[in-house]
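[1] Any chance you could fold what I've pasted below:
(2 chains)
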Amino acid sequence: MAPRWKGKDAKSKKDAEAEALKEPMSKIISQLQSSFVQSNTCGFLSDNCVHLAVQGEQLDLLDKACFGRPVRIVEKDMYWFQLTLEEAFYLCYFLKCLEINGRADDSPLSNEELWRYFKSKKEAFPCFYKAYSHLRIKNWVVRSGAQYGVDFIVYRHHPALVHSEYGVLVLSHDNDADLNGRLSVWSDVHCSTRLLGSVAKTLLVLYINKNGQNDESPLCLANYTIEERTISRWSPEQCRESSVLTFLDL
Amino acid sequence: MEGKVWGYSSNEDNDDVDEVYLQNASDDEEDLHSTSSSLPKLQFRNVKSKCRWNEEMGMAEVIEKNGKMWVSTGIVRSGKIYTSIEETLYLMELGALHLVDNEDRSISLIEMYKKVAGGKYGCCWELFEAYRHLKSLGYIIGRHDVAWSLKSIRSSQKPVAVEGAEESNQQVDTSSKVELSISKLFGELKINDLKPDFDIYLPDSRFRKSSPGDPNFLLYLSRGHLPSRAEIEVLEKQCEGIPLKVCLVTEGRVSFFSFDKVELPILP
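    Next up, the predicted model:
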């Protein structure tokens, strides 16, 4: 599928594409990384998510890089911001630009402690985080897919510039029980492909292979592998029409 | 991104509102037409072909050939054309084929439907429905790994289920050797064999059985359950790089899915 840039006409779509090209996501993220490191940004554990107070440049960068969402404005120009577990861990563990407090003495939690805490909140966290980071490392923007009945939806750049092309489901490579048995029967496939198809997205499944690792520590992530597959309906009527045309061209 | 409007979460919601892409709309229209009141009528062609059903082979032998469809129907062995049960039944439904038995007695459509239902000749009802759906759209369909003709084997080098094909000087018993090996494939349909069912070619008037080339894709009929990732992998290993499609037939509705391996590009 070709990327679908946003805009009311062909020219504005081209402008959106140009804007994305001018400032690639990798550049935005490294800006975010340095800004957060410099200001020693700190977040707080809040049950099933992570919160932080942000303002100014950091607020802007979080928006541009598509991490989290603003909850509400708490003071002039200062927002209470919410990150998902995967987003928070990515900022802490991979980008190493965020620390998270959760203790009485306000000292930051180690990556190991965060890992165990997030796992306790979400059994499938190791697989979900692997999927999230796999896509983010390739510079795709990864957001929640709940409204489409999937785990994530991914964009080539900021959602203001481009429509998302894929709805992502995170499944186990070998039918482990921890991924909630999604896509287990044909009607699931019909359902997901039809829903995603109606909003011009393709179903992308990431099969996570733990390769026998136990997931006690985030170090196991290095040995996880991912197989990407798209699941899509094929229409023999449409396919034939285009091949008949090719034949007529000769 | 100076002056960007806040609330990018609403930008994401725009995917719904902005463009509802009615990719599946044509499928809904198909539904309207496929009610029980619109079954295809009994058809009669003016000039029929004639075949003799061979019970041991599980195939029909062409005795009188009429019409252009023989370019892409039936396999050629020793100068004769043989049709699988699905090919035979399809042509009978079109009214293009008169089928007889060894005593020249006519075999009826009902008898053939019963044969297909029994699953004895390498085909079952759902597989026939899938065959019919694609064939009526002009696709060229053969049983997986069954050579269209012996000439095609010599040109393709691929291992195919016909022993004795290469020894053209061995006139003796060649045809019976061929028949025996074919009967393995046109015999009992084993439910649990995980292998592609059909080789499919896009509609093409230039198709030749002597050199068909690689199929455009291979088709596997899903039997009962959604194939797991591991099962798709087993099937793909037998496809030698040719795309695989999985077909599902439920209550006469035929749908096709691809489970292609991909790799999302690394973006700038």
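
[2] ok, residue B:106 to chain A distance?
    Using Cβ to the nearest Cβ, to the nearest Å, residue B:106 is found at 33 Å from chain A. Heads up, the C-betas are built off the backbone N, CA and C, glycines and all.

[3] That residue: what's it in contact with?
    Residue B:106 is in contact with B:98, B:99, B:100, counting by Cβ atoms under 8 Å, 6 or more residues apart in numbering or on different chains.

[4] Next, give phi and psi for it.
    phi -70, psi 140 (degrees, to the nearest 10).

[5] Tell me the buried residues in stretch A:90-101?
    A:90, A:91, A:92, A:93, A:94, A:95, A:97, A:98, A:99, A:100, A:101 (16 or more other Cβ atoms under 10 Å in any protein chain shown).

[6] May I ask which two of those residues are separated the most?
    Put simply, by Cβ to Cβ the two of those set farthest apart are A:94 and A:101, 19.4 Å from each other.

[7] Please name the nearest non-neighbouring residue to residue A:37.
    Sequence neighbours aside, residue A:97 is the residue nearest to residue A:37 in space, at 4.9 Å (criterion: Cβ to Cβ, 6 or more residues apart in numbering or on different chains).

[8] Also residue A:67?
    Using Cβ to Cβ, 6+ apart, the closest residue to residue A:67 is residue A:87 (5.0 Å).

[9] Can you give me the pLDDT of that neighbour?
    pLDDT recorded at residue A:87 is 98.

[10] For it, I want the exact helix or strand it lies within.
    helix A:85-89 (DSSP states H and E).

[11] Going along the chain from that helix, find the next helix or strand for me.
    Taking DSSP H and E, what comes next after helix A:85-89 is strand A:99-101.

[12] Let me see the residues that make contact with that following strand.
    A:40-45, A:50, A:88, A:92, A:107-109, A:114.

[13] Quick one: name whatever helix or strand follows it.
    Toward the C-terminus from strand A:99-101 - assigned by DSSP H and E - lies helix A:111-121.

[14] The stretch 151-268 of chain B: helices as residue ranges?
    Taking DSSP state H, counting those that start in this stretch, the helices of the stretch 151-268 of chain B run over residues B:174-185, B:229-237.

[15] for chain A, that is, sorry about that
    Secondary structure of chain A, counting by DSSP state H: helices at A:10-22, A:25-38, A:56-65, A:85-89, A:111-121, A:125-137, A:186-198, A:236-249.

[16] which strands and helices sit next to the fourth one?
    Contact here means 3 or more Cβ pairs under 8 Å, 6 or more residues apart in numbering or on different chains; DSSP states H and E; on that basis helix A:85-89 packs against strand A:49-55, helix A:111-121, helix A:125-137.

[17] which outside residues touch that helix?
    Contacts of helix A:85-89 (Cβ under 8 Å, 6+ apart): A:43, A:48-50, A:67-68, A:98, A:100, A:114-115, A:118, A:121-122, A:125, A:128-129, A:132-133, A:142, A:218.

[18] if we can go back for a sec, hang on, isn't the residue nearest to residue A:37 packed against residue A:30?
    No: at 9.8 Å, residue A:97 does not count as touching residue A:30 under the criterion of Cβ atoms under 8 Å.

[19] thinking again about what came up before, which PyMOL command selects the buried ones in the contacts of strand A:99-101?
    Restricted to buried positions by 16+ other Cβ under 10 Å, the PyMOL selection for the contacts of strand A:99-101 reads:
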select buried, chain A and resi 41+43+45+50+88+92+108+109+114
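
[20] Would you reformat the contacts of strand A:99-101 as CSV and include distance to residue A:193?
    Converted to CSV, the contacts of strand A:99-101 look like this (distance: Cβ to Cβ, whole Å):
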residue, distance to residue A:193
A:40, 46
A:41, 40
A:42, 42
A:43, 37
A:44, 40
A:45, 37
A:50, 33
A:88, 31
A:92, 35
A:107, 48
A:108, 43
A:109, 40
A:114, 36
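
[21] on that earlier part again, any figure for the gap between the residue nearest to residue A:67 and residue A:106?
    22 Å (Cβ to Cβ, to the nearest Å).

[22] Repeat that for residue A:70.
    For residue A:70, the distance to residue A:106 - Cβ to Cβ - is 24 Å.

[23] If you count surrounding residues, which of those two has more?
    residue A:70 (17 against 9; other Cβ atoms under 10 Å in any protein chain shown).

[24] What's opposite the residue nearest to that one when sequence neighbours are not counted in the beta bridge?
    Take residue A:70 and drop its neighbours on the chain: the residue closest to it by Cβ to Cβ, 6+ apart is residue A:79, 4.6 Å away. Here residue A:79 sits in beta bridges with residue A:54, residue A:73, going by DSSP bridges.

[25] Quick check: residue A:79 touching residue A:55?
    Yes: if you go by Cβ under 8 Å, residue A:79 and residue A:55 touch, sitting 6.7 Å apart.

[26] If you count surrounding residues, which of these two has more?
    Neighbour totals were compared for residue A:79 and residue A:55, and residue A:79 leads with 22 against 15 (other Cβ under 10 Å).

[27] okay, that one: pLDDT?
    Model confidence at residue A:79 (pLDDT) stands at 91.

[28] tell me the contacts of it?
    Contacts of residue A:79 (Cβ under 8 Å, 6+ apart): A:53, A:54, A:55, A:59, A:70, A:71, A:72, A:73.

[29] same thing but 6 Å
    For residue A:79, the contact set (Cβ atoms under 6 Å, 6 or more residues apart in numbering or on different chains) comprises A:54, A:59, A:70, A:73.

[30] Lowest-confidence entry in these?
    residue A:73 (88).

[31] Could you give the number of residues near that one?
    11.

[32] Output the set of residues of chain A in proximity to chain B.
    A:24, A:64, A:69, A:138-139, A:159-160, A:163, A:185-186, A:194, A:197, A:199-200, A:207, A:228-234, A:236, A:240, A:243 (Cβ under 6 Å from any Cβ of the partner chain).
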